[in-house]
Structures are given as C-alpha cells and as structure tokens.
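In: Provided below for reference: sequence and predicted model.
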Amino acid sequence: MKHLLRTFLASLAIFIVFPLLNVKADRPLSEEEAFRFLQEAFDAQLAITENPRSMEEIEESLGRYFTKEYTKDFIEMNVKENMDGEGYLAYGTDFALYYIPFFTYDENTKLGYDTERDKWYVYEWFEESSEGPVSYDGHYEAVGLTFKDNEWAIDDYQISFDPEGLSDNPTVEKSENDQSEVTKSDDGIWGIVLGFIKYASVTPFASLGWISVE
C-alpha cells in the first residue's frame, strides 16, 4: 500500500514539475538540409519583389520558412503597398535587412550550433568592399534556425556575427549543460518535490492509523 502510494505521488509530482524544467531541443541539422532550406526561403523572399500580392499571401508564403516575429520584421522593413494601388511588393534596396544573405553555399559557408541561444547558425565571412553605393568592412553574416512545432524556422539575422564557440555537434555539449542546469537551477525544485513525496506518502496515513511510520 505504502509503495503504491509513493509511486503514485512521485508520478504526480514529476507531472507537475516537468513543465517547469528548462527542456532544450538538440535536433541535429545537416549542411545540406540547412542550405536547401535557406535557399528556398530566399526564393520566397525574392518572389515578393516580382508580382503584387495580398498581405495574407505574403505572410503565408514567408510563414513556411520564417517565424511570425521574423516575418513581421521583414514585412515592416521591406514590404510596401504597390504604387498602382493593388497589393503589396517588396522593393529591393542596396542595403535591405532581413533578407537571407548572398551565401555561396560552398566551403566558405559554415554551419554551427550555439548552445547559449539554443539554435543553429549558417554563417559566412564577407570580405571588405568599397565598391558600389554601399561599402563595408569585412564581417560575418549569419542566419539562425530553430526547431519549433516539429518544423524548422528562421528566427534570427545577424549582420555582424561572431562564430567563436559554435559547436558541430550539440548533443554531447547540451547533455553536459543540461546536467549542470538541473543540478544548479532545478535542485531546489526537486528537493521540495522529493521532500513532499517522503512526507506526504507516509505522515497523513500514519496519523489515521492506516500505515505505520518506520
């Protein structure tokens, strides 16, 4: 009786506390998969510059590849009402933000995992340029991908990126991080839960004479 009661209370406590824990995704992502996804996302962005569309169509098209927040930022920055008054277009500029960068998708384009941000980044070094209407120093540009609601989505754009500390394999590192996080951050929660199980599974029923406290 006591054993079954403790098992039940332990299961109940875990069910209650589990949503409070910091669960992180460590889904693997290959370069081929990431590059193909970014190229398709870029094509979706370019398509908005070709023919006027309704705002609903634009949001639906971008929503296949970008999070709602990223889609909103892209539209606010780049999409304007068509000059003819029918639909909306993305007008190109020499310095358009939130577009997928012109990655080469070769050995110069890299993929790495950021354990702090809990997402993958595709990034590439762009050499200094003083030609054309826009000049810039050499820098890394990056696009962040996250796995949410069982699908990949682009949710970050970095025009000045630092790739130091990225990992090729998130599984091992995140496993170590998760263990330390549970020990440091969630020890208090589990201590309370285990104490509750030990006390609640015995004391109330002992007071009623149903079981004996050892």
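Out: Looks like it came in fine. What you are looking at is a predicted structure, and each value in this text was computed from that prediction instead of being measured.
In: which strand in this structure has the most residues?
Out: Looking across the chain with DSSP state E, the single longest strand is strand 139-148.
In: could you list every helix and strand in contact with the very next helix or strand once past it?
Out: Sequence order places strand 151-158 as the next helix or strand after strand 139-148, per DSSP states H and E. Here strand 151-158 touches helix 31-47, helix 68-78, strand 119-126, strand 139-148, going by 3 or more C-beta pairs under 8 Å, 6 or more residues apart in numbering; DSSP states H and E. All C-beta atoms are positioned from the backbone trio N, CA, C, and that covers glycine.
In: show me where this protein has strands.
Out: 79-81, 88-90, 109-114, 119-126, 139-148, 151-158.
In: of the ones you listed, which approaches Glu57 most closely?
Out: Ranking the strands of the chain by proximity to Glu57 (C-beta to C-beta) places strand 88-90 first, at 8.8 Å.
In: ok, back up a step: which one, of the strands of the chain, ends up nearest to Ala96?
Out: Across the strands of the chain (criterion: C-beta to C-beta), the nearest stretch is strand 88-90, sitting at 8.2 Å.
In: end-to-end on stretch 62-73?
Out: Its start and end residues considered, stretch 62-73 measures 11 Å (C-alpha to C-alpha, to the nearest Å).
In: what sits up against it?
Out: Contact partners of stretch 62-73, identified using C-beta atoms under 8 Å, 6 or more residues apart in numbering, comprise 37, 40-41, 44-45, 48, 59, 74-75, 98, 146, 148, 153-157.
In: how about 7 Å then?
Out: The set of residues external to stretch 62-73 that reach it, using C-beta atoms under 7 Å, 6 or more residues apart in numbering, is Phe37, Glu40, Ala41, Ala44, Glu59, Phe74, Tyr98, Ala153, Ile154, Asp155.
In: would you list the phi and psi of the closest residue to the last one other than its chain neighbours?
Out: Leaving out its chain neighbours, the residue that sits closest to Asp155 by C-beta to C-beta, 6 or more residues apart in numbering is Thr67, at 4.3 Å. Its backbone dihedrals place Thr67 at phi -70, psi 170, with angles given as degrees, to the nearest 10.
In: first-to-last residue distance for stretch 86-96?
Out: Stretch 86-96 end-to-end distance (C-alpha to C-alpha) = 23 Å.
In: what is the burial count for the residue nearest to Asp155?
Out: Each residue near Thr67 was counted by other C-beta atoms under 10 Å, and the total is 18.
In: against Asp162, how distant is it?
Out: Distance of Thr67 to Asp162, given as C-beta to C-beta, to the nearest Å: 22 Å.
In: got it, and Ser30?
Out: Using C-beta to C-beta, one gets 23 Å for the distance from Ser30 to Asp162.
In: now swap in Thr93 and tell me
Out: Per C-beta to C-beta, Thr93 is found 26 Å from Asp162.
In: one more: His139?
Out: To Asp162, His139 is 10 Å away according to C-beta to C-beta.
In: more neighbours: the two, which one.
Out: Neighbour count, other C-beta under 10 Å: between His139 and Asp162, His139 has more, with 15 against 11.
In: beta partners of the more buried one?
Out: Phe126 (DSSP bridges).
In: and the strands of the chain: which comes nearest Ser54?
Out: strand 88-90 (7.2 Å).
In: list the helices and strands that closest one packs on?
Out: Packing partners of strand 88-90 (3 or more C-beta pairs under 7 Å, 6 or more residues apart in numbering; DSSP states H and E): strand 79-81.
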